[in-house]
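[1] my questions concern the predicted model and sequence given below.
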Amino acid sequence: MSAQEENRLREQISTLGKSLFDRGLTMGSSGNISVRLDDGGWLMTPTNACLGRLDPARISRLDGQGQWLDGDMPTKEQFLHMAMYAERPQSGAIVHLHSTHSVAVSCLPGIDHCDCIPPLTAYYVMRVGKLPLVPYHVPGDPRLGDAVRGLAGQYSAVLLANHGPVVAGKDLEAAVYATEELEETAKLFLLLRGENPRALNEEQVAELKRRFPA
Ligand SMILES: O=C(O)[C@@H](O)C(=O)COP(=O)(O)O
Ligand SMILES: [Zn+2]
(Lines give C-alpha, C1' and ligand atoms only; values in the text may rest on other atoms or scores of the structure.)
(Ligands and ions follow the chains in the order given, each with its own letter.)
Protein backbone atom coordinates (compact mmCIF):
# COMPACT_ATOMS: atom_id res chain seq x y z
CA MET A 1 0.00 0.00 0.00
CA SER A 2 1.38 3.41 -0.91
CA ALA A 3 2.14 5.93 1.83
CA GLN A 4 -0.43 8.15 0.17
CA GLU A 5 -3.18 5.51 0.50
CA GLU A 6 -2.24 4.82 4.12
CA ASN A 7 -2.41 8.53 4.86
CA ARG A 8 -5.82 8.71 3.22
CA LEU A 9 -7.04 5.92 5.53
CA ARG A 10 -5.57 7.66 8.59
CA GLU A 11 -7.39 10.86 7.64
CA GLN A 12 -10.62 8.94 6.99
CA ILE A 13 -10.50 7.23 10.41
CA SER A 14 -10.03 10.63 12.06
CA THR A 15 -12.74 12.37 10.03
CA LEU A 16 -15.36 9.65 10.48
CA GLY A 17 -14.39 9.18 14.15
CA LYS A 18 -15.04 12.88 14.72
CA SER A 19 -18.31 12.71 12.83
CA LEU A 20 -19.52 9.79 15.01
CA PHE A 21 -18.38 11.51 18.21
CA ASP A 22 -19.85 14.91 17.28
CA ARG A 23 -23.25 13.30 16.69
CA GLY A 24 -23.16 11.61 20.12
CA LEU A 25 -22.78 8.11 18.73
CA THR A 26 -20.04 7.38 21.24
CA MET A 27 -18.87 9.30 24.28
CA GLY A 28 -15.65 10.12 26.11
CA SER A 29 -12.88 7.78 25.01
CA SER A 30 -15.26 4.92 24.25
CA GLY A 31 -15.31 3.09 20.94
CA ASN A 32 -12.62 2.04 18.51
CA ILE A 33 -12.11 1.82 14.76
CA SER A 34 -9.82 -0.33 12.61
CA VAL A 35 -9.00 -0.63 8.93
CA ARG A 36 -7.26 -3.52 7.20
CA LEU A 37 -4.10 -2.71 5.25
CA ASP A 38 -3.25 -4.59 2.10
CA ASP A 39 0.02 -5.92 3.63
CA GLY A 40 -2.17 -7.94 6.05
CA GLY A 41 -1.74 -5.49 8.94
CA TRP A 42 -4.12 -2.91 10.41
CA LEU A 43 -4.56 0.68 11.44
CA MET A 44 -6.38 0.86 14.79
CA THR A 45 -7.40 3.72 17.01
CA PRO A 46 -5.21 4.04 20.11
CA THR A 47 -6.46 2.96 23.52
CA ASN A 48 -8.04 5.73 25.60
CA ALA A 49 -8.27 8.02 22.58
CA CYS A 50 -11.34 10.17 22.02
CA LEU A 51 -12.77 9.39 18.57
CA GLY A 52 -13.59 13.09 18.24
CA ARG A 53 -9.97 14.20 18.53
CA LEU A 54 -7.82 11.61 16.76
CA ASP A 55 -4.41 12.64 15.42
CA PRO A 56 -3.95 10.75 12.12
CA ALA A 57 -0.18 10.49 12.71
CA ARG A 58 -0.66 8.78 16.11
CA ILE A 59 -3.07 6.07 14.97
CA SER A 60 -1.64 2.62 15.85
CA ARG A 61 -0.24 0.41 13.10
CA LEU A 62 -0.07 -3.36 13.61
CA ASP A 63 1.42 -6.10 11.47
CA GLY A 64 -0.48 -9.18 10.29
CA GLN A 65 0.34 -11.01 13.56
CA GLY A 66 -1.06 -8.18 15.63
CA GLN A 67 2.34 -6.86 16.70
CA TRP A 68 2.23 -3.15 17.47
CA LEU A 69 4.58 -1.41 15.01
CA ASP A 70 4.15 2.30 15.59
CA GLY A 71 1.78 5.05 16.64
CA ASP A 72 0.22 5.10 20.12
CA MET A 73 -0.64 1.84 21.93
CA PRO A 74 -3.60 0.19 20.13
CA THR A 75 -7.12 -0.26 21.46
CA LYS A 76 -7.54 -2.90 24.13
CA GLU A 77 -10.06 -4.51 21.73
CA GLN A 78 -7.42 -5.33 19.12
CA PHE A 79 -8.03 -9.08 19.63
CA LEU A 80 -11.75 -8.62 19.16
CA HIS A 81 -11.16 -6.76 15.89
CA MET A 82 -8.59 -9.31 14.73
CA ALA A 83 -10.92 -12.22 15.50
CA MET A 84 -13.65 -10.62 13.41
CA TYR A 85 -11.29 -9.99 10.48
CA ALA A 86 -10.05 -13.59 10.66
CA GLU A 87 -13.59 -14.81 9.98
CA ARG A 88 -14.42 -12.13 7.44
CA PRO A 89 -11.85 -11.85 4.63
CA GLN A 90 -14.33 -9.67 2.74
CA SER A 91 -14.33 -7.00 5.48
CA GLY A 92 -11.92 -4.07 5.34
CA ALA A 93 -13.00 -2.09 8.41
CA ILE A 94 -14.61 -2.50 11.84
CA VAL A 95 -16.34 0.03 14.09
CA HIS A 96 -17.16 -0.49 17.77
CA LEU A 97 -19.22 2.18 19.57
CA HIS A 98 -21.09 2.71 22.81
CA SER A 99 -24.08 4.15 20.94
CA THR A 100 -26.82 4.62 23.51
CA HIS A 101 -29.82 2.84 21.99
CA SER A 102 -27.77 -0.14 20.83
CA VAL A 103 -26.24 -0.43 24.31
CA ALA A 104 -29.74 -0.19 25.82
CA VAL A 105 -30.88 -3.13 23.69
CA SER A 106 -27.76 -5.07 24.77
CA CYS A 107 -28.95 -4.78 28.40
CA LEU A 108 -32.60 -5.76 27.87
CA PRO A 109 -34.05 -8.95 29.29
CA GLY A 110 -36.05 -11.12 26.95
CA ILE A 111 -34.33 -10.25 23.68
CA ASP A 112 -33.60 -12.97 21.15
CA HIS A 113 -29.89 -13.75 21.65
CA CYS A 114 -29.65 -15.04 18.08
CA ASP A 115 -31.10 -11.83 16.61
CA CYS A 116 -31.47 -8.92 19.03
CA ILE A 117 -33.49 -6.55 16.80
CA PRO A 118 -36.30 -7.63 14.47
CA PRO A 119 -36.18 -6.68 10.77
CA LEU A 120 -38.21 -3.49 11.19
CA THR A 121 -37.07 -1.75 7.99
CA ALA A 122 -35.62 -2.67 4.62
CA TYR A 123 -32.54 -0.54 5.13
CA TYR A 124 -31.73 -2.31 8.41
CA VAL A 125 -31.91 -5.68 6.66
CA MET A 126 -29.69 -4.38 3.83
CA ARG A 127 -27.03 -2.80 6.06
CA VAL A 128 -27.02 -5.01 9.16
CA GLY A 129 -29.10 -8.19 8.81
CA LYS A 130 -29.13 -10.51 11.82
CA LEU A 131 -27.56 -9.31 15.06
CA PRO A 132 -26.48 -11.98 17.58
CA LEU A 133 -25.72 -11.14 21.23
CA VAL A 134 -22.21 -11.95 22.50
CA PRO A 135 -22.17 -12.94 26.19
CA TYR A 136 -20.72 -10.34 28.56
CA HIS A 137 -16.97 -10.19 29.15
CA VAL A 138 -14.83 -7.41 30.60
CA PRO A 139 -13.76 -5.00 27.81
CA GLY A 140 -10.46 -6.10 26.31
CA ASP A 141 -10.85 -9.71 27.54
CA PRO A 142 -9.43 -12.04 24.85
CA ARG A 143 -12.49 -14.25 25.41
CA LEU A 144 -14.50 -11.58 23.57
CA GLY A 145 -12.40 -12.45 20.52
CA ASP A 146 -13.12 -16.17 21.01
CA ALA A 147 -16.86 -15.50 21.31
CA VAL A 148 -16.90 -13.34 18.18
CA ARG A 149 -14.84 -15.88 16.23
CA GLY A 150 -17.76 -18.31 16.41
CA LEU A 151 -20.20 -15.78 14.93
CA ALA A 152 -18.39 -13.35 12.66
CA GLY A 153 -18.26 -15.69 9.68
CA GLN A 154 -22.03 -15.54 9.43
CA TYR A 155 -22.82 -12.07 10.74
CA SER A 156 -21.32 -8.71 9.84
CA ALA A 157 -22.47 -7.16 13.13
CA VAL A 158 -22.64 -8.46 16.69
CA LEU A 159 -23.90 -6.87 19.90
CA LEU A 160 -21.71 -7.23 23.00
CA ALA A 161 -23.96 -7.75 26.03
CA ASN A 162 -24.06 -4.72 28.36
CA HIS A 163 -21.46 -3.04 26.16
CA GLY A 164 -22.22 -2.16 22.53
CA PRO A 165 -22.14 -3.02 18.82
CA VAL A 166 -19.20 -4.23 16.71
CA VAL A 167 -19.84 -3.79 13.00
CA ALA A 168 -17.76 -4.83 9.98
CA GLY A 169 -18.00 -3.41 6.48
CA LYS A 170 -16.25 -3.81 3.14
CA ASP A 171 -14.59 -0.47 3.88
CA LEU A 172 -14.75 2.14 6.63
CA GLU A 173 -17.57 4.12 5.08
CA ALA A 174 -19.72 0.97 4.83
CA ALA A 175 -18.95 -0.02 8.44
CA VAL A 176 -19.88 3.48 9.66
CA TYR A 177 -23.14 3.53 7.66
CA ALA A 178 -24.10 0.12 9.04
CA THR A 179 -23.31 1.23 12.61
CA GLU A 180 -25.49 4.32 12.18
CA GLU A 181 -28.33 2.24 10.77
CA LEU A 182 -28.05 -0.21 13.67
CA GLU A 183 -28.26 2.64 16.19
CA GLU A 184 -31.33 4.18 14.51
CA THR A 185 -33.07 0.82 14.34
CA ALA A 186 -32.25 0.14 18.00
CA LYS A 187 -33.96 3.46 18.75
CA LEU A 188 -37.02 2.44 16.71
CA PHE A 189 -37.10 -0.94 18.44
CA LEU A 190 -37.14 0.73 21.86
CA LEU A 191 -39.76 3.28 20.75
CA LEU A 192 -42.00 0.49 19.52
CA ARG A 193 -41.63 -1.87 22.47
CA GLY A 194 -45.04 -2.78 23.79
CA GLU A 195 -46.70 -1.77 20.50
CA ASN A 196 -46.37 -5.20 18.87
CA PRO A 197 -44.86 -3.65 15.68
CA ARG A 198 -45.17 -5.35 12.31
CA ALA A 199 -41.68 -6.47 11.23
CA LEU A 200 -40.81 -7.53 7.69
CA ASN A 201 -41.74 -11.15 7.07
CA GLU A 202 -39.36 -13.92 5.97
CA GLU A 203 -40.29 -13.53 2.32
CA GLN A 204 -39.67 -9.76 2.40
CA VAL A 205 -36.31 -10.27 4.12
CA ALA A 206 -35.33 -12.95 1.58
CA GLU A 207 -36.21 -10.64 -1.31
CA LEU A 208 -33.98 -7.89 0.13
CA LYS A 209 -31.11 -10.35 0.55
CA ARG A 210 -31.57 -11.45 -3.06
CA ARG A 211 -31.73 -7.94 -4.50
CA PHE A 212 -29.11 -6.33 -2.27
CA PRO A 213 -26.54 -9.03 -1.41
CA ALA A 214 -24.01 -7.89 1.21
O1 LIG B 1 -15.49 -0.51 26.44
C2 LIG B 1 -14.26 -0.46 26.39
O3 LIG B 1 -13.51 -0.26 27.35
C4 LIG B 1 -13.64 -0.61 25.00
O5 LIG B 1 -14.38 -1.54 24.26
C6 LIG B 1 -13.77 0.73 24.32
O7 LIG B 1 -14.82 1.03 23.79
C8 LIG B 1 -12.66 1.68 24.39
O9 LIG B 1 -11.43 1.04 24.61
P10 LIG B 1 -10.10 1.56 23.93
O11 LIG B 1 -10.30 1.46 22.44
O12 LIG B 1 -9.02 0.67 24.46
O13 LIG B 1 -9.93 3.00 24.34
ZN1 LIG C 1 -16.34 -0.63 24.26
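    Sure, I can see it. Ligands and ions are numbered 1, 2, ... in the order given.
[2] name the nearest residue to L16, sequence neighbours excluded.
    Counting by CB to CB, 6 or more residues apart in numbering, the nearest residue to L16 once its immediate chain neighbours are dropped is V176, at 5.1 Å. Placement of C-beta: from N, CA and C, glycine included.
[3] for the residue most central in space within the chain, helix, strand, or coil?
    The residue lying closest to the centre of the chain (CA atoms, centre = their mean) is V167, at 2.3 Å. Following DSSP: H, G, I helix; E, B strand; the rest coil, the label given to V167 is strand.
[4] one more: the one 10 residues further on?
    Assigned state for Y177: helix (three-state reduction, three-state DSSP).
[5] now for it: which residues touch it?
    R127, G169 (CB atoms under 8 Å, 6 or more residues apart in numbering).
[6] against R127, how distant is it?
    According to CB to CB, to the nearest Å, Y177 and R127 sit 6 Å apart.
[7] can you give me the strands in this structure?
    In the chain, the segments counted as strands under DSSP state E are 32-36, 42-44, 60-62, 68-70, 93-96, 133-134, 157-160, 164-169.
[8] turn those strands into TSV, including mean pLDDT and distance to ligand 1.
    As requested, these are exported to TSV (pLDDT from 0 to 100; distance: least, CB to the nearest ligand atom, whole Å):
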stretch	mean pLDDT	distance to ligand 1
strand 32-36	98	4
strand 42-44	98	8
strand 60-62	98	10
strand 68-70	98	13
strand 93-96	98	6
strand 133-134	98	12
strand 157-160	98	8
strand 164-169	98	7
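[9] comparing those strands, which comes out most buried?
    Each of the strands of the chain was scored by mean neighbour count; the highest is strand 93-96, a mean of 29, by mean count of other CB atoms under 10 Å.
[10] residues of the protein that sit close to ligand 1?
    By the rule CB under 6 Å from any ligand atom, the part of the chain lying against ligand 1 is S29, S30, G31, N32, T47, N48, T75, K76, E77, H96, H98, P139.
[11] for the protein, which helix or strand comes out least confident on mean pLDDT?
    Ranked by mean pLDDT, DSSP states H and E, the weakest helix or strand in the chain is helix 142-149, scoring a mean of 93.
[12] enumerate the positions of it that are buried.
    Applying a neighbour-count criterion of 16 or more other CB atoms under 10 Å, one finds L144, G145, A147, V148, R149 buried in helix 142-149.
[13] so the second one makes contact with Y85?
    No - here G145 lies out of contact with Y85, judged by CB atoms under 8 Å, at a distance of 10.5 Å.
[14] could I get the pLDDT score of the nearest residue to T121 once chain neighbours are set aside?
    Nearest residue to T121, sequence neighbours excluded (CB to CB, 6+ apart): T185, at 6.5 Å. Looking at T185, its pLDDT reads 98.
[15] rewinding a little: any quick ChimeraX command for the buried ones out of the residues of the chain next to ligand 1?
    Restricted to buried positions by 16+ other CB under 10 Å, the ChimeraX selection for those reads:
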select :29,30,31,32,47,75,77,96,98,139
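[16] just put the residues of the chain next to ligand 1 in CSV and tack on distance to E203.
    Formatted as CSV, those follow (distance: CB to CB, whole Å):
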residue, distance to E203
S29, 44
S30, 39
G31, 36
N32, 38
T47, 45
N48, 47
T75, 41
K76, 43
E77, 37
H96, 33
H98, 35
P139, 39
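[17] which one of the residues of the chain next to ligand 1 is nearest to F212?
    Closest approach to F212 among the residues of the chain next to ligand 1 (CB to CB): H96, at 24.4 Å.
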